[in-house]
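# dropping a prediction and its sequence here:
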Amino acid sequence: MFENTNWKAVSAEIMGTFFLVFFGVSSLTNNAGVVSEGDGTLHILIGLTTLTLTLFVLVHILGPVSGCHLNPVITIPTYLSDKMDRDTTVAYIGGQIIGACLGFYLFDLINPGTSNSILDGDSALLLAAMVGTTFFVTSLLTSQDPGSIAATLFIVSSTAFGDVNPGVSLGNMIATDVEFMFFGIVGSLIGCIVGWGIKENIIDQ
């Protein structure tokens, strides 16, 4: 079983579903849950836009690798149309479930507004910067399409997950004497290596 399964494609499904949940779905649910007089619609619009752009970026960078299903309701009809074998179908769906679980778990772990958040501020900042920079670097190393780049910047900045530019952070610290964001800088540097590794080992064929 799974002898002919393309594990790079399965890994892309795991990673893609993780990012879709971590940035897109979580942003939508968080913004939809905001009760604020006068700007509730704006929060929902931001959440929907972030979700849509996250999917746009992922299709752009992962489509050539796995087809960027990220959803069993795409994988199952593909199998029924004889465009995918049974083992790969099972692996894709399993990967999508794993990616979704990881996305929700990690989001809850580092988000102070959730009941499962157990990390202190420094650890949460490091992890958030790492995930944000991983997504940012993976996207920009894969595609130079202006639309994809703009969408990536919107996603990372609108969700406030990670300072993805340690050079800017250091410049801000030196020029304005702000507090040294050591953990954010370290997280973004780790994220850039992880993003490069994803590009080299999963996306590149």
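Perfect, I can see it now. Numbers count the residues shown, from 1 in each chain.

# helices and strands of this structure: which one bottoms out on pLDDT?
Within the chain, confidence by mean pLDDT, DSSP states H and E is lowest for helix 26-32 among all helices and strands, at a mean of 69.

# next structured bit after that one?
Tracing the chain C-terminally past helix 26-32 and defining elements by DSSP states H and E, one meets helix 40-66 next.

# in whichever helix or strand comes after that next one, what's buried?
Counting by DSSP H and E, the next helix or strand C-terminal to helix 40-66 is helix 72-80. For helix 72-80, the neighbour count (16 or more other C-beta atoms under 10 Å) marks 75, 79 as buried. Yep, even glycine has a C-beta here, placed from its N, CA and C like the rest.

# ok, stretch 94-106 next?
Buried, per 16+ other C-beta under 10 Å, within stretch 94-106: 95-96, 99-100, 102-104, 106.

# can you check stretch 138-154 too?
Quick answer for stretch 138-154 (16+ other C-beta under 10 Å): 138-143, 148-149, 151-152, 154.

# could you identify the most distant pair in these?
Spatial extent of the buried residues of stretch 138-154 (C-beta to C-beta) is set by the pair Leu141 and Phe154 at 18.2 Å.

# helices along this structure, start to end?
Here the chain has its helices, by DSSP state H, at 7-19, 26-32, 40-66, 72-80, 86-110, 121-142, 146-159, 166-176, 182-198.

# any chance of those helices in JSON lines, plus distance to Asp204?
Shown next, in JSON lines, are the helices of the chain (distance: least, C-beta to C-beta, whole Å):
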{"stretch": "helix 7-19", "distance to Asp204": "9"}
{"stretch": "helix 26-32", "distance to Asp204": "28"}
{"stretch": "helix 40-66", "distance to Asp204": "9"}
{"stretch": "helix 72-80", "distance to Asp204": "23"}
{"stretch": "helix 86-110", "distance to Asp204": "19"}
{"stretch": "helix 121-142", "distance to Asp204": "9"}
{"stretch": "helix 146-159", "distance to Asp204": "17"}
{"stretch": "helix 166-176", "distance to Asp204": "25"}
{"stretch": "helix 182-198", "distance to Asp204": "10"}
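
# if we can go back for a sec, out of the buried residues of stretch 94-106, which comes closest to His69?
Set against His69, the nearest of these by C-beta to C-beta is Gln96 (7.1 Å).

# any idea how far Glu200 is from that closest one?
Distance of Gln96 to Glu200, computed by C-beta to C-beta, to the nearest Å: 23 Å.

# likewise Leu109?
Between Leu109 and Glu200 the computed distance is 27 Å (C-beta to C-beta).

# how about the nearest residue to the most centrally placed residue in the chain, chain neighbours excluded?
The residue lying closest to the centre of the chain (C-alpha atoms, centre = their mean) is Phe19, at 2.5 Å. Leaving aside its chain neighbours, Phe19 sits nearest to Phe135 (5.6 Å; criterion: C-beta to C-beta, 6 or more residues apart in numbering).
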